[in-house]
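Asker: Here is the input, now give the coordinates:
(2 chains)
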Amino acid sequence: MAPQHQLAFEKPIYEIEERLDALKESTVDHEDESIREELRSLRRQRIDLTREIYGKLEPWETVEVARHPDRPRTSDYLKLAFEEFVELHGDRAYGDDRALRVGFAKIGGNKVLVAGLEKGRTLDERTACNFGCAHPEGYRKALAKMKLAAKYGLPVVTLIDTPGAYPGVGAEERGQASIIAECIYEMSRLRTPVVCVVIGEGGSGGALAVGVGDKIAILQYAYYSVISPEGCAGILWKSHAFKQQAAKALRFTSSDLKSFGVVDDVIEEPLGGAHRDHHQAANLVKQYLARSIREIGSRPIDDVLSDRYEKFRRIGVFVEDGQMIAGGEARQA
Amino acid sequence: MASTNTDSRAWLSSPAAVKKGVPEGLWKLCEGCNQTIFWKEAAKRQNVCPECDHHWYVSAPDRIAQILDEGTFEEWFDDLEPADPLGFADKRSYADRVKAEQRRTGMRDAAIVGSGMIRARRVAFAVTDSAFIMGSMGSVVGEKLARTVERAMELNLPLIIVSGSGGGARMHEGILSLMQMAKVSAALARYDEAGGLFISVLTNPTMGGVAASFASLGDLVFAEPRALIGFAGPRVIKAAIRIELPPGFQTSEFFLEHGFVDRIVHRRDLKTEIARAIDYCGK
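Answerer: A predicted model of the protein is given here:
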């Protein structure tokens, strides 16, 4: 059955799916060889077409996939990729922010501390977690529990899916800028392995606040940007209508991020995007996390910390003495 | 992150705004008290309005002259210039924008860094100029600040960063700009472990990714009076929550009241206050 939320560029896929459904329903005799052949052919067409469409997504279309209402959320990964999740709520200062879910968890037999930005799916859920926009108390809670994890040698896993940190009066009063800065600062020296995965939207400082680690991965159709395409279009083109152009100009798709050295790995999604198969998406993320935690955990923590420092230290492209420097070449020389 | 800061309270964030409608050089309209001020009177007071004490824009070179002892500044890493890693263009290309800003301001990018003396105490000193692409942080600003932090650590110097940035992370360099927040913050974390003293001075405006990284990470955080400070720009917040913002919202005084600023320091006292803090911390 075709989903309720359809993306315009996916229309040809839904049309084939409708034909498939209609054929299945109208046919009594599934033994009929000609009908079975037609079903097979339609299924093949669906796969080919999905592969073709998803093989050449425009950056703006990637944003639409990353924001798809059926896309697996942090809460879905907590259920499907992790064997156990023991939620911890207290920031010890103000309140519990539902936009950031934090707790002990097990993944592939590894005990970890997970912090994930949560957008929610139903209207009630989405309202309760401010559509994935965390407040200072959320970041404060995540930071406190990450420090707890470091104290007891638990690796930290973060799942990133947010349009951005909440822009509001209360958020400013409670120090949104200050707590984001502190999270970035403390994560850079957290004495335990840290693996971060951008699962949907990586919205600017609100994403980076839980995005400093030893391995940064991104799902194939997720994006990670300094500003939303709409925000960028509003400022530079003076109109949100230019969001497609802004999406292209910002170079924030997974392959761009990999080429800039901003992410270490791109996790391939199920054919046609994670929203088509939550279980497979969760399984791919689980394998990646379990493998990365084992890898990083097998190394001396001082080496891990020094590599973490160098990884971020190298990011940037500039001209020095008339020479183009990218990825910290000057530092190595 | 690149917050919009074209709000009416973004006083004098660019030299172009100052000149509008006023005979150049002689008189300026003060956006604090709306009076026309004889420019030389304000200049004598380090660009502070003689009528209302409003703190006007100060360029990076002027800031160095105001805070450091005369003739002691030695610039570091001055040959870094922006590249155009994304090949970014909106209505205009980033490469052209950079060239125009360089011509207009005489700077290569928004930060000047180096070392100098403050009342005979040697310090590492960095300043960002809100006039260069809104004082936003791209790869050059991030790299210069990270190197300055590292050198301050090597030389065991106190570190002073005076921030002026309406733009936060520079969107023309995309994700690379966002990552400069992590790069500079990570350098500051190492400096902190080594026992370094970092004094962050917030000036009008300090927003977005600059506020959400190094500017908030001082052992001590000072702010000039009535500077606009915050994470999200006032226009972004207004659009998101659709209510009028309370008076005085996102000013230095607002953040002092909420516990995020240690002291509000008048510009004429900045040099003395920094020197005194260095003495208290035994540096």
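
Asker: switch to C-alpha atoms for all contacts and neighbour counts from now on
Answerer: Noted.

Asker: From chain B, how far out is A:R174?
Answerer: 7 Å (CA to the nearest CA, to the nearest Å).

Asker: again, but for A:P193
Answerer: 16 Å.

Asker: and the residue lying closest to that residue once chain neighbours are set aside, what does it touch?
Answerer: Using CA to CA, 6 or more residues apart in numbering or on different chains and skipping the chain neighbours, the partner closest in space to A:P193 is A:P155 (4.8 Å). A:P155 is in contact with A:K111, A:V112, A:L113, A:A149, A:T192, A:P193, A:V194, A:I293, A:G297, counting by CA atoms under 8 Å, 6 or more residues apart in numbering or on different chains.

Asker: pLDDT below threshold where in the stretch 1-150 of chain B?
Answerer: B:1-24 (pLDDT under 70).

Asker: got a list of what the closest residue to chain B within the stretch 1-150 of chain A touches?
Answerer: Nearest residue of the stretch 1-150 of chain A to chain B (CA to the nearest CA) works out as A:P136 at 11.1 Å. By CA under 8 Å, 6+ apart, the contact list for A:P136 reads A:A171, A:R174, A:G175, A:Q176, A:I179, A:I180.

Asker: Apply 6 Å and report the result again.
Answerer: A:Q176 (CA atoms under 6 Å, 6 or more residues apart in numbering or on different chains).

Asker: got it, and A:A134?
Answerer: For A:A134, counting by CA under 6 Å, 6+ apart, the contacting residues are A:A99, A:A165, A:Y166.

Asker: So which bits of the stretch 151-300 of chain A are right by chain B?
Answerer: Within the stretch 151-300 of chain A, the positions near chain B by CA under 6 Å from any CA of the partner chain are A:167-168, A:177-178, A:180-181, A:185, A:188, A:204, A:225-227, A:249-250.

Asker: quick one: which of those is most hemmed in?
Answerer: A:V226 (32 neighbours; other CA atoms under 10 Å in any protein chain shown).

Asker: Excluding sequence neighbours, find me the nearest residue to it.
Answerer: Using CA to CA, 6+ apart and skipping the chain neighbours, the partner closest in space to A:V226 is A:S204 (4.5 Å).

Asker: isn't that neighbour right next to A:S228, touching?
Answerer: No. Counting by CA atoms under 6 Å, A:S204 sits too far from A:S228 to count as a contact (7.9 Å).

Asker: now the stretch 201-333 of chain A, which segments are flagged as low pLDDT?
Answerer: Per-residue confidence for the stretch 201-333 of chain A (pLDDT under 70) gives these ranges: A:328-333.

Asker: In it, mark out all the helices, start to finish.
Answerer: A:204-208, A:229-232, A:243-249, A:254-259, A:278-297, A:301-313, A:329-332 (DSSP state H, counting those that start in this stretch).

Asker: Please identify the most buried of those.
Answerer: A comparison of the helices of the stretch 201-333 of chain A by mean neighbour count, using mean count of other CA atoms under 10 Å in any protein chain shown, puts helix A:204-208 on top with a mean of 28.

Asker: Mind listing residues that contact that helix?
Answerer: A:G164, A:A165, A:S225, A:V226, A:I227, B:M1.

Asker: need those in TSV with distance to A:A142, can you?
Answerer: Formatted as TSV, the contacts of helix A:204-208 follow (distance: CA to CA, whole Å):
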residue	distance to A:A142
A:G164	16
A:A165	14
A:S225	21
A:V226	21
A:I227	23
B:M1	21
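
Asker: Counting neighbours, what do you get for A:H135?
Answerer: Number of residues near A:H135 (other CA under 10 Å) recorded here: 30.

Asker: Mind naming the longest helix for the chain?
Answerer: If you meant another chain, say so; for now it's chain A. For chain A, the longest helix by residue count, based on DSSP state H, is helix A:33-55.

Asker: could you do chain B instead?
Answerer: Every helix in chain B considered (DSSP H), the longest is helix B:174-193.

Asker: tell me which strands and helices the following helix or strand past it is in contact with?
Answerer: As assigned by DSSP states H and E, the chain's next helix or strand after helix B:174-193 is strand B:198-207. Counting contacts by 3 or more CA pairs under 6 Å, 6 or more residues apart in numbering or on different chains; DSSP states H and E, strand B:198-207 is packed against strand B:159-165, strand B:220-223, strand B:229-230.

Asker: Same list, those strands, but as TSV with distance to chain A please.
Answerer: Shown next, in TSV, are these (distance: least, CA to the nearest CA, whole Å):
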stretch	distance to chain A
strand B:159-165	13
strand B:220-223	11
strand B:229-230	6
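
Asker: and those, which is most packed in?
Answerer: strand B:229-230 (a mean of 31).

Asker: Parallel or antiparallel, list what pairs with that one.
Answerer: Strand B:229-230 pairs in its sheet with strand B:198-207 (parallel), by DSSP bridges.

Asker: How far does the strand it pairs with sit from its chain's centre?
Answerer: Offset of strand B:198-207 from its chain centre (CA atoms, centre = their mean, to the nearest Å): 5 Å.

Asker: So for that strand, mean pLDDT?
Answerer: Taken as a whole, strand B:198-207 has a mean pLDDT of 98.

Asker: and that strand with strand B:159-165, angle?
Answerer: Inter-element angle recorded for strand B:198-207 and strand B:159-165: 0 degrees (by axes from the mean of the first three to the mean of the last three CA atoms, to 10 degrees).

Asker: any idea how far B:G114 is from A:P12?
Answerer: Distance of B:G114 to A:P12, computed by CA to CA, to the nearest Å: 60 Å.

Asker: my bad, B:A152
Answerer: Counting by CA to CA, the gap from B:A152 to A:P12 is 60 Å.

Asker: The two - which one has more neighbours?
Answerer: It is B:A152, of B:A152 and A:P12, that has more neighbours when counted by other CA under 10 Å, with 23 against 14.
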